[in-house]
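# Provide a 3D model corresponding to the input given below.
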Amino acid sequence: MALRVCCTPNASTPICVKGILGRSLARTPQKNKVFHVWLHIVLIGCCQPLDLLRLWSVGLCGRTLSGSVFPRPLNMSNISISASNFAASYAAASALGADPSKSVTSVADALASHYPLSKPFSAFTFGQVTVFPDREYTAHTIRDYLQGFVDSGLGIDISMANRRIEVVSPGSALCWITWSIKPKDGTQGWTWGNVYGYRRTVAWEGQIEPQEYWEFVVSDQEIGALMERKPEIMKALTN
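Numbers count the residues shown, from 1 in each chain. Predicted structure coming up:
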């Protein structure tokens, strides 16, 4: 079945916009169901932008396209402040490692809460890409990683020394974070810098992802420095 909506860009003959739907809107049951419909718009002619906006009145599942079923357009300010605060929250989670009463698991879980719940997260290192499919996998990997620090004698007293934010868009920013470690075994500490991709979204009905999270990290410095000092940590992770 097809839905036809007419728009009139000027005084000329009305132009039709044809939406091809997986099923007829008129015959679709509207009670206690959520339908995922691919809406393909074929423009025959050229409509004015305002005419296209009027298509919001076409409803799916008893609600309009401008309603809460769909996410609203990004219209956000102060993304730099949000990204900086998020980085500070991530640093606070890492700082838990300096408290001997905190377990490796509790620190890992606090860090993992800053990653996507069900979307993939990507780590880029020396041209290699590691994909973490969801938060559960990420938390497990962080636990193993931190446990390697503990087993090697370094401990996990890792704190943020500095951060710098560069806005990319209303919903994203790059966060340069400099980390510092105080080794528990008495060896000299060191610093390294990672670049994190910060994402902030607009909340909408049915959303399961958090409104802000890390999308990716570039960690050449971190892994490079670790391979020079404690290569056994990385070897354990890859075995």
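# care to break the chain down by domain?
2-64, 79-238 (automatic domain parsing).
# rank these by pLDDT, which is bottom?
For the domains of the chain, the weakest mean pLDDT is recorded on domain 2-64, namely a mean of 38.
# got the phi and psi for the spatially closest residue to K102 that is not a sequence neighbour?
The spatially closest residue to K102, leaving aside those adjacent along the chain, is L96, at 4.7 Å (CB to CB, 6 or more residues apart in numbering). Glycine gets a C-beta too; all of them are placed from N, C-alpha and C. With angles defined as degrees, to the nearest 10, L96 sits at phi -60, psi -20.
# would you state the strands of the protein in chain order?
Ranges of strands in the chain, per DSSP state E, are 2-7, 15-20, 40-43, 59-60, 63-64, 121-125, 128-132, 158-169, 172-181, 190-200, 212-218.
# adding mean neighbour count and distance to A91, write the ones you listed out as a markdown table.
Converted to a markdown table, these look like this (neighbours: other CB atoms under 10 Å; distance: least, CB to CB, whole Å):
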| stretch | mean neighbour count | distance to A91 |
| --- | --- | --- |
| strand 2-7 | 13 | 51 |
| strand 15-20 | 15 | 48 |
| strand 40-43 | 11 | 45 |
| strand 59-60 | 16 | 43 |
| strand 63-64 | 14 | 41 |
| strand 121-125 | 18 | 18 |
| strand 128-132 | 12 | 20 |
| strand 158-169 | 15 | 4 |
| strand 172-181 | 18 | 7 |
| strand 190-200 | 19 | 11 |
| strand 212-218 | 19 | 13 |
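# could I get those as a markdown table with distance to I79?
Shown next, in a markdown table, are these (distance: least, CB to CB, whole Å):
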| stretch | distance to I79 |
| --- | --- |
| strand 2-7 | 35 |
| strand 15-20 | 34 |
| strand 40-43 | 31 |
| strand 59-60 | 31 |
| strand 63-64 | 28 |
| strand 121-125 | 20 |
| strand 128-132 | 24 |
| strand 158-169 | 5 |
| strand 172-181 | 6 |
| strand 190-200 | 6 |
| strand 212-218 | 10 |
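# what ranges do the helices span in this structure?
49-53, 79-95, 104-112, 135-152, 220-229, 231-238 (DSSP state H).
# deepest-packed of these, please.
With neighbours taken as mean count of other CB atoms under 10 Å, these reach their highest mean count in helix 104-112, at a mean of 19.
# which strands and helices lie in contact with that helix?
Under the contact criterion of 3 or more CB pairs under 8 Å, 6 or more residues apart in numbering; DSSP states H and E, helix 104-112 touches helix 79-95, helix 135-152.
# out of those helices, which gets nearest to K230?
Nearest to K230 among the helices and strands packed on helix 104-112 is helix 135-152; the distance by CB to CB comes to 4.9 Å.
# now do the contacts for the closest residue to R199 other than its chain neighbours.
Closest residue in space to R199, ignoring its immediate chain neighbours: E215 at 4.7 Å, by CB to CB, 6+ apart. Contacts for E215 (CB atoms under 8 Å, 6 or more residues apart in numbering) come out as 116, 121-122, 172, 197-199.
# in CSV, list those along with distance to M160.
Shown next, in CSV, are the contacts of E215 (distance: CB to CB, whole Å):
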residue, distance to M160
P116, 21
F121, 19
S122, 22
S172, 20
G197, 17
Y198, 14
R199, 19
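# so which of those is the closest to G155?
For the contacts of E215, the residue nearest G155 by CB to CB is F121; the value is 25.3 Å.
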